[in-house]
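Visitor: Generate a structure from the sequence data that follows.
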Amino acid sequence: MRFDFYNTEDGIHFPEIGLWLDSKQSASDEEIVFVSHAHYDHISKHKNVVLSIPTSRLMKVRSKSKRKEHKLEFFKKTNFKFKDKEFSMTLLPAGHILGSAMLLIEVGGSSILYSGDFKLHSHYASEKCVPRKAEFLIMETTFGKPEYKFPPIKEVSEQIIAFCKTTLSEKFTPVLLAYSLGKSQDLLSMLAKENLPILVHTQIHKLTQIYREFGYKFPNYEMFSRRKMKGRVVIYPPSAANIDELFSVKPIKMAAVTGWAIDKNARLKVDAAFPLSDHSDFYELIDFVRAVNPKKIFTTHGFATEFAATLHSFGFEAQPLEKTGQKWLPLNGWKG
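Guide: This is a model prediction of the structure:
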């Protein structure tokens with residue numbers, strides 16, 4: 001039997017089991033939204049959600065809306081029922097940020113793995129990614145072209161530390177621009193053994209405290225204050241509202257910490273850039289597909305069309321989900 005799902009502008013929708021994946025809009029009261037992680041582009045004012053325990057904790061800080069939460073432990077299979085349709089969901093660590101999860105859906109005798117954002121070889125401050133075999137795979141392909149190959153994390157870490165120490169020795173303030181959730185905690189972990197004085201933005205401070213609740217350890221740091229900048233490393237989110245005014249006065253040197261630093265054409269108006277990403281590079285994407293070994297793959301985000309073509313060349317059946325529309329899966333034993 002066939003099992004329909006829809007790729008919409010608001011997210012991926014499985015209407016027969018009342019399930020949305022990372023929906024941008026609130027679903028109906030009866031339907032459930034899977035929230036893969038707590039980055040702002042993956043959360044909304046949903047009424048009924050499935051998520052990991054750390055993501056639930058982070059969302060209490062990032063989203064004040066009220067919702068019913070199905071907080072699932074990693075690896076624990078949980079049964080659900082929507083109208084007369086029964087299915088199960090299992091969360092698997094995605095390695096993207098704290099609490100990030102992939103979703104394994106088992107329905108009608110078949111399995112579907114939704115990757116969400118993931119990092120196959122995780123960095124310091126997240127759970128280790130654990131792929132699982134499935135018949136069908138829906139995966140993100142942000143860096144789905146061969147030129148996106150990230151250098152070893154140790155090499156990037158050494159470069160960031162050297163930038164901070166050299167900048168301080170020159171009597172400048174090193175400012176590392178990084179997302180407040182995930183990337184900033186990776187940076188703190190990198191700097192842990194360097195005994196460098198560190199200032200962090202208030203949002204980074206708040207989120208890092210949640211990481212501590214889940215057992216992560218970091219070096220000492222203080223809340224950012226402009227008068228304390230001299231002689232300290234500053235970690236600051238690039239999206240902060242007052243960033244242009246705040247750092248308009250020298251002496252500072254700014255560095256972007258982003259996976260897009262690997263792109264020579266990226267226009268980053270900074271003194272330095274370091275290719276640290278919480279997404280898988282092209283070669284990790286290939287390794288991930290081989291680990292899951294699905295019958296069919298649907299690619300989404302980034303270079304979805306290009307990566308699907310690559311998978312075809314390797315003998316996989318793959319289809320990009322760049323355009324909205326109806327798709328279907330041939331599920332064994334499904335009684336629709």
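Visitor: Low-confidence bits of this structure, can you list those?
Guide: By pLDDT under 70, the weakly predicted segments of the chain are 1-2, 26, 40, 241, 244-249, 322-328, 330-336.
Visitor: Can you spell out the domain ranges of it, please?
Guide: The chain breaks down by automatic domain parsing into domains covering 2-147+279-330, 153-274.
Visitor: ranking those domains by burial, who's on top?
Guide: domain 2-147+279-330 (a mean of 19; mean count of other C-beta atoms under 10 Å). In this view, the C-beta of every residue, glycine as well, is placed from N, C-alpha and C.
Visitor: starting at the chain centroid, how far to that domain?
Guide: Mean-position distance between domain 2-147+279-330 and its chain equals 11 Å (C-alpha atoms, centre = their mean, to the nearest Å).
Visitor: For the protein, just list every one of the helices.
Guide: With DSSP state H, the ranges of helices along the chain come out as 53-62, 153-169, 183-190, 202-213, 243-246, 282-292, 304-313.
Visitor: Compare those helices and give me the one nearest residue 28.
Guide: With C-beta to C-beta, the closest approach to residue 28 among these belongs to helix 53-62: 20.1 Å.
Visitor: In the protein, where's the longest strand?
Guide: If you go by DSSP state E, the chain has its longest strand at strand 85-93.
Visitor: got the contact list for that one?
Guide: 16-19, 34, 50, 52, 72-81, 100-108, 113, 126-132 (C-beta atoms under 8 Å, 6 or more residues apart in numbering).
Visitor: Stretch 24-34 now?
Guide: Outside of stretch 24-34, the residues within contact range by C-beta under 8 Å, 6+ apart are 9-11, 18-23, 44-51, 70, 80, 82, 89, 103, 114.
Visitor: Over to stretch 195-213?
Guide: By C-beta under 8 Å, 6+ apart, stretch 195-213 touches 54, 57-58, 61, 98, 125, 164-165, 168, 180-181, 184-185, 188, 191, 218-225, 228-229, 231-237, 240.
Visitor: let's see 6 Å
Guide: Residues outside stretch 195-213 that contact it (C-beta atoms under 6 Å, 6 or more residues apart in numbering): 57-58, 98, 180-181, 184-185, 221-224, 228, 232-237.
Visitor: before we move on, what about stretch 231-239?
Guide: With C-beta under 6 Å, 6+ apart, stretch 231-239 has contacts from 164, 174-177, 180, 184, 187, 196-201, 204.
Visitor: if you set the cut-off to 8 Å instead, what comes out?
Guide: Here stretch 231-239 makes contact (C-beta under 8 Å, 6+ apart) with 164, 168, 173-180, 184, 187-188, 191, 196-201, 203-204, 221-222, 224, 243, 246-247, 252, 256.
Visitor: cool, and stretch 13-21?
Guide: By C-beta under 8 Å, 6+ apart, stretch 13-21 touches 3-6, 10-12, 23, 27-28, 30-34, 36, 80, 82-83, 85, 87, 103, 105, 107, 114, 116, 138, 336.
Visitor: cool, stretch 220-228 as well?
Guide: Contact with stretch 220-228 is made by 188, 197-202, 205, 208, 232, 234-236, 246, as judged by C-beta under 8 Å, 6+ apart.
Visitor: 10 Å instead, please
Guide: 173, 184, 188, 191-192, 195-206, 208, 232-236, 240, 246-247, 249 (C-beta atoms under 10 Å, 6 or more residues apart in numbering).
Visitor: hey, C-alpha coordinates of it in CSV?
Guide: Taking C-alpha atoms only, stretch 220-228 is exported to CSV below (Å, rounded to 0.1, in the frame of the first residue of the first chain):
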residue,chain,number,x,y,z
ASN,A,220,35.2,29.9,33.8
TYR,A,221,33.6,32.8,32.0
GLU,A,222,31.9,36.1,32.8
MET,A,223,28.9,37.9,31.4
PHE,A,224,29.8,40.4,28.7
SER,A,225,30.5,44.0,29.7
ARG,A,226,32.1,46.5,27.3
ARG,A,227,34.3,47.9,30.1
LYS,A,228,35.7,44.4,30.7
